[in-house]
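> kindly return the folded structure for what I paste below:
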Amino acid sequence: METMKGKVVMVTGAAAGIGLACAEAFARAGATTVLADINTPEAQALQLRNEGHDAVACGCDVSDTRAVKEMVGWIVRTYGRLDAALNNAGIQTPQRPMAEITDEEFDRTVAVDLKGVWNCMRYEIIQMLEQGGGAIVNTSSQGGVTGFPGQAAYIACKHAVIGLTRTAAIDYAARGIRINAVCPGVIRTPMAEELMRRNPELEKELVRDIPAGRLGKPEEIANAVLWLCSPQASFVEGHALLVDGAFSIH
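Down below sits the predicted model:
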């Protein structure tokens with residue numbers, strides 16, 4: 001169903017994994033889709049154009065405030081508006097106890113995983129206020145509502161993304177901007193596949209703690225994001241939607 005037909009959508013972190021799956025879902029639902037990533041995803045956008053969809057690639061480091069402002073400005077100059085956005089770009093710190101994480105690792109994680117979302121939201125909201133509304137989804141994590149050993153900086157940012165989402169939703173709900181978060185569980189992305197290739201026992205260990213008995217698929221996150229941005233979710237605001245196979249309530 002072309003639930004996003006005629007809409008202009010931006011997805012950050014769109015080169016692979018969840019971000020790419022979401023960009024593909026938006027494009028196939030009829031949206032003009034901007035695939036943004038620090039490594040410009042030209043091949044991914046080209047593949048969507050070859051399928052007959054309207055997609056374009058854009059290089060952007062979301063931790064760079066000016067770069068984000070310029071990207072959103074370019075989208076609006078080119079397409080006239082920005083109807084929806086998924087702020088998905090993120091990184092993880094090396095896995096080790098909190099006191100062993102360096103200042104540089106902490107600062108870089110916050111710069112991308114939290115300030116990157118802040119930067120994107122700021123300029124998306126400014127544009128959506130001018131045009132009379134829009135929908136924003138921020139990628140948190142099942143770690144945004146739980147804790148994990150060895151991931152203090154990452155988990156702190158993902159908790160903060162939910163707080164930022166909820167507060168911004170209150171700020172702008174009456175002005176036609178819906179803001180929500182999606183909280184993926186362990187998803188079978190290329191990064192996860194590589195980790196499991198190196199450690200054949202890893203998948204079994206991960207699945208053991210997931211009541212659904214399997215890893216999630218990127219397209220399952222994409223379906224949730226697409227719904228949150230669509231007219232079908234018109235009264236859903238400030239929600240952190242867990243898509244994690246019941247892990248967080250286990």
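> middle-most residue in the chain, spatially?
Central residue of the chain (Cα atoms, centre = their mean): Asn88, 2.2 Å from the mean position.
> what residue ranges in this structure score low on pLDDT?
For the chain, applying pLDDT under 70 flags the ranges 1, 250.
> and the helices in this structure?
17-28, 42-50, 65-79, 103-113, 115-131, 152-172, 190-198, 202-208, 218-229 (DSSP state H).
> need the CA coordinates for the third one. CSV is fine.
Yep, that's helix 65-79 we're talking about. The C-alpha coordinates for helix 65-79 follow below in CSV (Å, rounded to 0.1, in the frame of the first residue of the first chain):
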residue,chain,number,x,y,z
THR,A,65,25.1,20.7,13.4
ARG,A,66,25.9,22.8,10.3
ALA,A,67,25.9,19.7,8.0
VAL,A,68,22.5,18.7,9.3
LYS,A,69,21.1,22.2,8.7
GLU,A,70,22.5,22.2,5.2
MET,A,71,21.1,18.8,4.5
VAL,A,72,17.5,19.7,5.6
GLY,A,73,17.8,23.0,3.7
TRP,A,74,18.8,21.2,0.5
ILE,A,75,15.9,18.7,0.9
VAL,A,76,13.4,21.6,1.2
ARG,A,77,14.9,23.6,-1.6
THR,A,78,14.8,20.5,-3.9
TYR,A,79,11.5,19.0,-2.9
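> pick the most buried one from the helices of the chain.
helix 17-28 (a mean of 26; mean count of other Cβ atoms under 10 Å). No exception for glycine: its C-beta is placed from N, CA and C like everyone else's.
> just how off-centre is that helix within its chain?
10 Å (Cα atoms, centre = their mean, to the nearest Å).
> what angle separates it from helix 190-198?
140 degrees (axes from the mean of the first three to the mean of the last three Cα atoms, to 10 degrees).
> other SSEs contacting helix 17-28?
The contact analysis (3 or more Cβ pairs under 8 Å, 6 or more residues apart in numbering; DSSP states H and E) places helix 17-28 against strand 8-12, strand 32-37, helix 42-50, strand 84-87, helix 218-229.
> right, and the helices of the chain - which one's nearest Ser140?
Minimum separation from Ser140 across those (Cβ to Cβ) falls at helix 152-172, 4.5 Å.
> who are the contact partners of the nearest residue to Arg214 once chain neighbours are set aside?
Closest residue to Arg214 apart from its sequence neighbours, by Cβ to Cβ, 6 or more residues apart in numbering: Val207 at 6.2 Å. Applying Cβ atoms under 8 Å, 6 or more residues apart in numbering to Val207 gives the contacts Gly213, Arg214, Leu215.
> can you redo the helices of the chain as TSV with distance to Val145?
Shown next, in TSV, are these (distance: least, Cβ to Cβ, whole Å):
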stretch	distance to Val145
helix 17-28	17
helix 42-50	30
helix 65-79	27
helix 103-113	15
helix 115-131	16
helix 152-172	7
helix 190-198	20
helix 202-208	18
helix 218-229	15
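> can you name the residues that contact the closest residue to Gly134 other than its chain neighbours?
Excluding its sequence neighbours, the residue lying closest to Gly134 (Cβ to Cβ, 6+ apart) is Met128, at 3.5 Å. Counting by Cβ under 8 Å, 6+ apart, Met128 touches Leu82, Gly134, Ile136, Tyr172, Gly176, Ile177.
> may I have the strands that pair with the lengthiest strand in the chain, each with its orientation?
For the chain, the strand that runs over the most residues, judged by DSSP state E, is strand 177-184. Strand pairing for strand 177-184, using DSSP bridges, gives strand 134-139 (parallel), strand 240-243 (parallel).
> go through those strands and name the closest to Leu228.
Comparison of the strands paired with strand 177-184 against Leu228 by Cβ to Cβ identifies strand 134-139 as nearest, at 5.0 Å.
> I figured Val112 hits Thr93, correct?
No. Val112 is beyond contact range of Thr93, at 10.5 Å (criterion: Cβ atoms under 8 Å).
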